[in-house]
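> dropping the sequence and predicted coords here.
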There are 2 protein chains.
Amino acid sequence: MELKRDIAARPQVVNSVKNQFRNFPMVPRVVFGRGCFDQLGDILISRRQHSDAPFIFLVDDVFEGTELVQRIPRIFNDQLIFISADREPRTAQVDALVKKIQNDFDDVPSGIVGIGGGTLLDLSKAVAIMLTNTGRADEYQGWDLVNKPSLYHAGIPTISGTGAEVSRTTVLLGPDKKLGINSDYTTFDQVVLDPDLTQGVCKSQWFYTGMDCFIHCIESLKGTYLNAFSQSYGEKALELCKEVFLEELEPAESRDKLMMASWHGGMSIAYSQVGVAHAMSYGLGFLLGVRHGIGNCLVFQHLEEFYPEGVALFDKMRQKHHIELPTGICANLDDNEFDTMISVAMGMVPLWENALGKDWRKVITSEKLEAIYRKI
Amino acid sequence: MELKRDIAARPQVVNSVKNQFRNFPMVPRVVFGRGCFDQLGDILISRRQHSDAPFIFLVDDVFEGTELVQRIPRIFNDQLIFISADREPRTAQVDALVKKIQNDFDDVPSGIVGIGGGTLLDLSKAVAIMLTNTGRADEYQGWDLVNKPSLYHAGIPTISGTGAEVSRTTVLLGPDKKLGINSDYTTFDQVVLDPDLTQGVCKSQWFYTGMDCFIHCIESLKGTYLNAFSQSYGEKALELCKEVFLEELEPAESRDKLMMASWHGGMSIAYSQVGVAHAMSYGLGFLLGVRHGIGNCLVFQHLEEFYPEGVALFDKMRQKHHIELPTGICANLDDNEFDTMISVAMGMVPLWENALGKDWRKVITSEKLEAIYRKI
């Protein structure tokens, strides 16, 4: 009976086992090259249903008023929506965007184009799903709950590291959890990889987002789910991260390589999973709205027990780039708040299972997680 | 005037420049895992148009009578065609297969499934193209000449190294050239990567086909077309080749890694090209029917001028595995035959341009190529 209840409460466990050999959806079209953003108009033209079916461009609002906006190939009644990436993407935000688009247009759009970092890319994926599926976005948080193909959607990263451009998930803050919509329909139909777009990212953001990739790789490569497919991508991504963050590269080469690190790092999750840092970072994100990249760093620095070489490398990179992580984040939290974070983190069963194997509950206790959170 | 004539005679030059930032078609679905071949039935079921629209399985005839054939998920009027891979795939063979399938069935098939090495994979791609495009296969040899989407086609490699499972080409011997049908519709819709299927490959075939991947990587990484996208795939594939051919791996791990090397090696051509060995090997293949893998090795061993480190590594691998390359292949050829090989090789303009830059004709002369061919 206890087993049955446990499975009902955590359907992802069943799925993670069933999908041991997942028929993985890869991004079917990718263009890579400095300046290739200018090919976007040609790429979209063949995807336009008709002149009343617009493309909706969801764009990080840091680009408002910049030259990049002039280069967005808007024609007919295409719509451009600026969105702040200051907060993690939320299911309610997805629902509001879908409602707005449905109100603004009689016709179903030709597609959604996301231009920005992980927040904008994840919003774009979720909006594309929810424009063809009924109900609220939070009803689809989980594994393989999406029934209908999403609208055509293209992703254009302007910062490198999250792997959102290549993954089959879109991680959203919902009313009661931070969890991805993991499905075959989540993956982008088109990705445009133009390393020039990552020029001008501020140093701390560059570092935290790059570390998202680095931590992905460490967690994937040290995980129990790993197979040769994921390993080969993870190893290459890790190697590129080391080049970017520990060697002296020309800026343009560094941008190229970090963009490829993000790509391969995302692919390394195909037959693997992230691990301890991501699980605990989800707790921080859910309770405090801590952004994903920095949240991972805040947790990861204290995980030498689980990832000793990885944490040593992380320290080296952090010091080389003079990054000071904030402290005292959890200093004033009460017991209920710790319980909430711990509960969100412990709910990420596939991540713990990947990190520590099926018997992970013997190692991971509430007390242990609280002790780590208290250091942050 | 001379420039104009030159371009007209060699349309691929124009394309190679135009496509500097190619919107690359990736395989949209891939499953990787030991034993995952048994998921094929589930994968195909959603692609069956109706019960009279069969799947056509093109299978290397080495598997005739083996257990693998029993595991092919045939239902309804599905057809299984055994094909010998003793000879390189030919355009006339593609045309004959298409005619047979059209004669055998009133309905358009649901799709084509290729099971075998590069020969079977390339035949499957070409048959899928020619079932929806009119005319003869040799009319499509070249770059971007295919107009209509091909039939759904899945590829299942049973030997690793060619990269045919992931590439956007199918290389065929035609009446007057050996050249690929390079198009966005060539790429497989589905690939099944089951390393167990490569068990039992004989040692020399394993080596020659693996060296196809190794030589791809060297040519791609040393090429002038290279960018960070292709470089990252090529470096990983090369690393995996070194592990497989120079270290002592467990057989199952070695199969896993060579399958991933082939995959990444194929991807490394996305924004690059192969080079001198492939160009000259095409000459050998066209005139003498020398198989692609061994042809590459026969040429590559004599290319220390162009790829010194690569040739040194190749020698090390060859010696470690006690592979003796045949000799005297070109001993009895007459001048006309040398001219034919040289002409086929020199026609591979993008390969030379990648290997040596736009001024390749200053380095590569008929005399030089003849001198290399005479050593083989």
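Great, that's in hand. These numbers were taken from a predicted model, which means no experiment stands behind them.

> quick check: residues of chain A near chain B?
A:20-33, A:35-36, A:39, A:43, A:190, A:193, A:195, A:227-229, A:232-233, A:235-236, A:239-240, A:253, A:256-257, A:259-260, A:264, A:270-271 (Cβ under 8 Å from any Cβ of the partner chain). Any C-beta I mention is one placed from the backbone N, CA and C, and that applies to glycine too.

> tell me which of those fall in helices.
A:43, A:228-229, A:232-233, A:235-236, A:239-240, A:253, A:256-257, A:259-260, A:264 (DSSP state H).

> so, low pLDDT: which residues of the stretch 51-200 of chain A?
For the stretch 51-200 of chain A, no stretch has pLDDT under 70.

> one step back: narrow the ones in helices among the residues of chain A next to chain B to those that are buried.
Applying a neighbour-count criterion of 16 or more other Cβ atoms under 10 Å in any protein chain shown, the buried members of those are A:43, A:228-229, A:232-233, A:235-236, A:239-240, A:256-257, A:259-260, A:264.

> how about the residues you listed in CSV, adding distance to residue A:114 and pLDDT?
Below are these laid out as CSV (distance: Cβ to Cβ, whole Å; pLDDT from 0 to 100):
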residue, distance to residue A:114, pLDDT
A:43, 14, 97
A:228, 31, 97
A:229, 26, 97
A:232, 28, 98
A:233, 22, 98
A:235, 28, 98
A:236, 25, 98
A:239, 28, 98
A:240, 23, 98
A:256, 21, 98
A:257, 23, 98
A:259, 16, 98
A:260, 19, 98
A:264, 20, 98
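
> from those residues, which is closest to residue A:357?
When these are compared for distance to residue A:357 (Cβ to Cβ), residue A:228 wins out at 19.1 Å.

> looking at the ones in helices among the residues of chain A next to chain B, point me to the pair that's furthest apart.
Using Cβ to Cβ, those span at most 32.8 Å, a distance reached by A:43 and A:228.

> using the three-state scheme, assign the spatially most central residue of chain A.
Closest residue to the average C-alpha location of chain A: residue A:164 at 4.3 Å, with Cα atoms, centre = their mean. Put simply, residue A:164 is coil when judged by DSSP: H, G, I helix; E, B strand; the rest coil.

> now name the helix or strand holding the nearest residue to it once chain neighbours are set aside.
Closest residue in space to residue A:164, ignoring its immediate chain neighbours: residue A:121 at 4.0 Å, by Cβ to Cβ, 6 or more residues apart in numbering or on different chains. For residue A:121, the element it lies in under DSSP states H and E is helix A:118-130.

> okay, that helix in CSV with CA atoms only?
Taking Å, rounded to 0.1, in the frame of the first residue of the first chain, the C-alpha atoms of helix A:118-130 are listed here in CSV:
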residue,chain,number,x,y,z
GLY,A,118,16.3,30.8,-20.2
THR,A,119,13.3,32.7,-18.9
LEU,A,120,12.2,33.9,-22.3
LEU,A,121,12.9,30.6,-24.0
ASP,A,122,10.9,28.7,-21.3
LEU,A,123,8.0,31.1,-21.6
SER,A,124,8.0,30.8,-25.4
LYS,A,125,7.9,27.0,-25.2
ALA,A,126,5.1,27.1,-22.6
VAL,A,127,3.0,29.6,-24.6
ALA,A,128,3.4,27.5,-27.8
ILE,A,129,2.1,24.5,-25.8
MET,A,130,-0.8,26.3,-24.2
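
> can you list the strands that the helix or strand that comes right after it pairs with?
Counting by DSSP H and E, the next helix or strand C-terminal to helix A:118-130 is strand A:142-143. When sheet partners are counted by DSSP bridges, strand A:142-143 sits next to strand A:178-182 (parallel).

> nearest to residue B:144 among the buried ones among the ones in helices among the residues of chain A next to chain B?
Nearest to residue B:144 among these, with distances taken as Cβ to Cβ, is residue A:43, at 15.6 Å.

> the closest one touches residue A:152, doesn't it?
No: the pair residue A:43 / residue A:152 is not scored as a contact, 10.8 Å apart, by Cβ atoms under 8 Å.

> re earlier: redo the buried ones among the ones in helices among the residues of chain A next to chain B as JSON lines? Include distance to residue B:169.
Below are these laid out as JSON lines (distance: Cβ to Cβ, whole Å):
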{"residue": "A:43", "distance to residue B:169": "22"}
{"residue": "A:228", "distance to residue B:169": "25"}
{"residue": "A:229", "distance to residue B:169": "23"}
{"residue": "A:232", "distance to residue B:169": "23"}
{"residue": "A:233", "distance to residue B:169": "23"}
{"residue": "A:235", "distance to residue B:169": "27"}
{"residue": "A:236", "distance to residue B:169": "24"}
{"residue": "A:239", "distance to residue B:169": "28"}
{"residue": "A:240", "distance to residue B:169": "27"}
{"residue": "A:256", "distance to residue B:169": "25"}
{"residue": "A:257", "distance to residue B:169": "27"}
{"residue": "A:259", "distance to residue B:169": "26"}
{"residue": "A:260", "distance to residue B:169": "23"}
{"residue": "A:264", "distance to residue B:169": "23"}
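
> excluding its backbone neighbours, what's nearest the residue in the stretch 101-250 of chain A positioned nearest to chain B?
Relative to chain B, the nearest point of the stretch 101-250 of chain A is residue A:228 (3.5 Å; Cβ to the nearest Cβ). Leaving aside its sequence neighbours, residue A:228 sits nearest to residue B:256 (Cβ to Cβ, 6+ apart; 3.5 Å).

> quick one, what contacts the one you found?
Neighbour list for residue B:256: A:227, A:228, B:34, B:195 [criterion: Cβ atoms under 8 Å, 6 or more residues apart in numbering or on different chains].

> what sits against the last one?
In this structure, residue B:195 makes contact with A:228, B:34, B:160, B:252, B:255, B:256, B:258, B:259, judged by Cβ under 8 Å, 6+ apart.

> got a list of what the fifth one touches?
Residues touching residue B:255, when contacts are defined by Cβ under 8 Å, 6+ apart, comprise B:160, B:195, B:196, B:198, B:199.

> ditto for residue A:157
By Cβ under 8 Å, 6+ apart, the neighbours of residue A:157 are A:116, A:117, A:121, A:164, A:165, A:191, A:193, A:197, A:198, A:259, A:262.

> and for residue A:40?
Each residue near residue A:40 by Cβ under 8 Å, 6+ apart is listed here: A:72, A:73, A:113, A:154, A:156, A:192.

> how about the strands in the stretch 51-200 of chain A?
Here the stretch 51-200 of chain A has its strands, by DSSP state E, counting those that start in this stretch, at A:55-60, A:79-83, A:111-116, A:142-143, A:153-157, A:171-173, A:178-182, A:190-193.
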